[in-house]
Structure formats: C-alpha cells, structure tokens
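> Structural data only, the sequence is not supplied:
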C-alpha cells in the first residue's frame, strides 16, 4: 500500500481525474444497464416492486441517476430483473504503469479568473479519506 | 433548470429528443468550448478547486462530471432529472449534477450533431442564494446567456473543434 500511496502522491491531477472519470462512468453504466435489463425483460417498475415486496415509488427512486443506492439494493434489483452484476477491482492504475488510464489533455493548469493568467493548480495535501467529503 | 428559468425561450422539446438520450455504439464527440478568455474544461476544474477540497477530492468531483458526460456521449442518459432542453435559439440543453452538500451543478451544451456532435459551452455551480425563486432563475438565465453567447461566437469555427481535436472529452 505504501507504493500505491507514493504513486498517487506524484500523479498529476489529470491522471487522477481520468481514473475518477472511469470510476464514475462505470457507475453510470451500471445503473443504465440495470434499468435496460428491466425493460428488456418487459418488466414494469410495479412488477419489480411486487417481486421485492416494496413500493413502486422505491423502484422509481432507485432508477434515478442521482440516487446513490446501497450494494444490497443493487443486488435485490438485479435479482428481480434477472441480471448478473460482476465486480472487478484492478489495482494496475496505481501499481502497473497506468495502462488502463487514458488521461485527458493536461488540466493541471487552471485559469486564474482575477489575474487572467494560466497558473499551476495549488498543490494540495493528499488524504486517503477524501472520497466521502463530496457527499 | 429550475422551474421558470428561461421560460421566455422554453423549448418544447423533451429530454429524450437529445442526442444524449439516443444510444450509439461509438460514442459521440463532446467538445469543450474555448476562446481567448475561457475554457470549459478549466471551468469544470476551477469550479471544484474553488471548493478548497484536497486534490484527490477535486479529481473525484471532476470525474463525476466527466463520467456523466461520457454517458451522454453514448446516448445513455435516460432520466428527465439529468437532462433538459433550456433554449430554442440557439438550441441548448443542460446536464445536471447533485453533489451532496456541495450543491447542484449545470453544464449547458449544444448538439451540432457533426464536427463536433456535442459541444460543452458553460459549466457552473448553481447559485441558490437568491431570496426568491425569481432571483434564482434570473441568476441561472445569466449563465444560460453566457452559453448562448459562446455558441454564437464559436459557430463559425466549430467552437475550436478540429480533426484530432485535443479539446474533446475522451470517450
């Protein structure tokens, strides 16, 4: 883990963003494909709700993109629509040379609105518990 | 968009008329508008840098935006709460984010459908500090106006898009 921590500390913002984008993209696609699985199975939200013993409105809430469901909720929904969800965790982003990461063109330059000049983003201390701060 | 914002030019189109809701196997191009004074890619980064959060957290937030933009590139936005028509002249759309306590964010874009297929014109944190809904709407209309102006300014040169463009989002 120490090597991973070191690797992250020297990564530019654009590389972090690319990995973050891939993680977010995977979540977006998970939701899209689960809802698509329900529709492909010709199941209504009401039928899924009935199968799980919950309200139709709960299914509707789950299907909203901005919902942030629990893993158990995803499991139940997948079960009801007959979908398999495969999880895969690969650490090559940190340990293996970032072969899976396709950085955007560099974005560690920011536009200073007041001064009207491009400057390097202020260095920030990296922490391991930041993921929860956005929510 | 909040209820009432942009009513004067409220489109009759529906969210599902957008290219962002029409699935394709090959993701559409999504270009970031830029000119001498502004760059939408930097607007996104700067908006979250301004939160004062650490770099990794900022990267996560920018990633949230790019992740949804990539879903839009594939035409996989299927939620009226995330996608809305906002203006007819020029034809503009908005993508939306709710990021917990940080609040709501908006990206206004146009859909030229070719070279580029999608163009991001303005990103901002939604200002909900107004005392009344009308004031909040007015603030958002100003931002939509920025997007419309950029559309008009950039239409002649395809908003800076070119072959092998480096100012497009990676699909």
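Yes, it's here. These figures come from a predicted structure and were not determined experimentally. Numbering: from 1, shown residues only, chains lettered A, B, ... in the order given.
> helices and strands around the longest helix along chain B, which ones?
The residue-count maximum for a helix in chain B (DSSP state H) belongs to helix B:133-154. Applying 3 or more Cβ pairs under 8 Å, 6 or more residues apart in numbering or on different chains; DSSP states H and E, one finds that helix B:133-154 contacts strand B:83-87, strand B:92-98, strand B:104-110, strand B:118-125. In short, each C-beta sits where N, CA and C put it, glycine included.
> the strands in chain A, which residues?
Across chain A, reading from the start of the chain, the strands by DSSP state E fall at A:109-112, A:117-120.
> anything in stretch B:156-171 near chain A?
Yes: using Cβ under 8 Å from any Cβ of the partner chain, stretch B:156-171 reaches chain A at B:166-167, B:169-170.
> if we can go back for a sec, the longest helix of chain B - what's its average pLDDT?
Averaging pLDDT along helix B:133-154 gives 94.
> ok now that helix, how far from the chain's centre?
Relative to the mean C-alpha coordinate of its chain, helix B:133-154 is positioned 12 Å out (Cα atoms, centre = their mean, to the nearest Å).
> what's the angle between it and strand B:118-125?
Orientation check (axes from the mean of the first three to the mean of the last three Cα atoms, to 10 degrees): helix B:133-154 against strand B:118-125 gives 140 degrees.
> so helix B:133-154 versus strand B:83-87, what angle?
With the same axes, to 10 degrees as the criterion, the two stretches helix B:133-154 and strand B:83-87 enclose an angle of 80 degrees.
> re earlier: switch the helices and strands packed on helix B:133-154 over to a markdown table; also include mean neighbour count and mean pLDDT.
Formatted as a markdown table, the entries for the helices and strands packed on helix B:133-154 read as follows, by neighbours: other Cβ atoms under 10 Å in any protein chain shown; pLDDT from 0 to 100:
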| stretch | mean neighbour count | mean pLDDT |
| --- | --- | --- |
| strand B:83-87 | 22 | 94 |
| strand B:92-98 | 22 | 95 |
| strand B:104-110 | 23 | 97 |
| strand B:118-125 | 24 | 97 |
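> the inter-axis angle of the longest helix of chain B versus strand B:104-110?
40 degrees.
> Next, the buried residues of helix B:133-154.
Counting neighbours by 16 or more other Cβ atoms under 10 Å in any protein chain shown, one finds that the buried residues in helix B:133-154 are B:136-137, B:139-141, B:143-144, B:147-148, B:150-151, B:154.
> Now do the helices in chain A.
For chain A, the helices defined by DSSP H cover A:2-9, A:13-40, A:45-52, A:56-63, A:71-81, A:92-95.
> Could you save those as TSV and add columns showing mean pLDDT and mean neighbour count?
Listed next are these as TSV, based on pLDDT from 0 to 100; neighbours: other Cβ atoms under 10 Å in any protein chain shown:
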stretch	mean pLDDT	mean neighbour count
helix A:2-9	55	12
helix A:13-40	92	20
helix A:45-52	95	16
helix A:56-63	94	16
helix A:71-81	94	16
helix A:92-95	63	15
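> Would you convert the ones you listed into JSON lines that also reports distance to chain B?
As requested, those are exported to JSON lines (distance: least, Cβ to the nearest Cβ, whole Å):
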{"stretch": "helix A:2-9", "distance to chain B": "7"}
{"stretch": "helix A:13-40", "distance to chain B": "2"}
{"stretch": "helix A:45-52", "distance to chain B": "13"}
{"stretch": "helix A:56-63", "distance to chain B": "8"}
{"stretch": "helix A:71-81", "distance to chain B": "15"}
{"stretch": "helix A:92-95", "distance to chain B": "12"}
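> which residues sit in contact with the spatially most central residue of chain B?
Of all residues in chain B, the one closest to the mean position by Cα atoms, centre = their mean is residue B:107, 2.1 Å from it. Residue B:107 is in contact with B:40, B:44, B:65, B:69, B:94-97, B:120, B:122-123, counting by Cβ atoms under 8 Å, 6 or more residues apart in numbering or on different chains.
> swap the cut-off to 10 Å and go again
Under the criterion of Cβ atoms under 10 Å, 6 or more residues apart in numbering or on different chains, the neighbours of residue B:107 are B:30, B:40, B:43-44, B:65, B:68-69, B:72, B:93-97, B:120-124, B:147.
> Next, work out how far apart it and residue B:54 are.
With distances defined as Cβ to Cβ, to the nearest Å, the gap from residue B:107 to residue B:54 amounts to 23 Å.
> And for residue A:65?
For residue A:65, the distance to residue B:54 - Cβ to Cβ - is 26 Å.
> Excluding residues flanking it in the chain, which one is nearest residue B:65?
residue B:44 (5.5 Å; Cβ to Cβ, 6 or more residues apart in numbering or on different chains).
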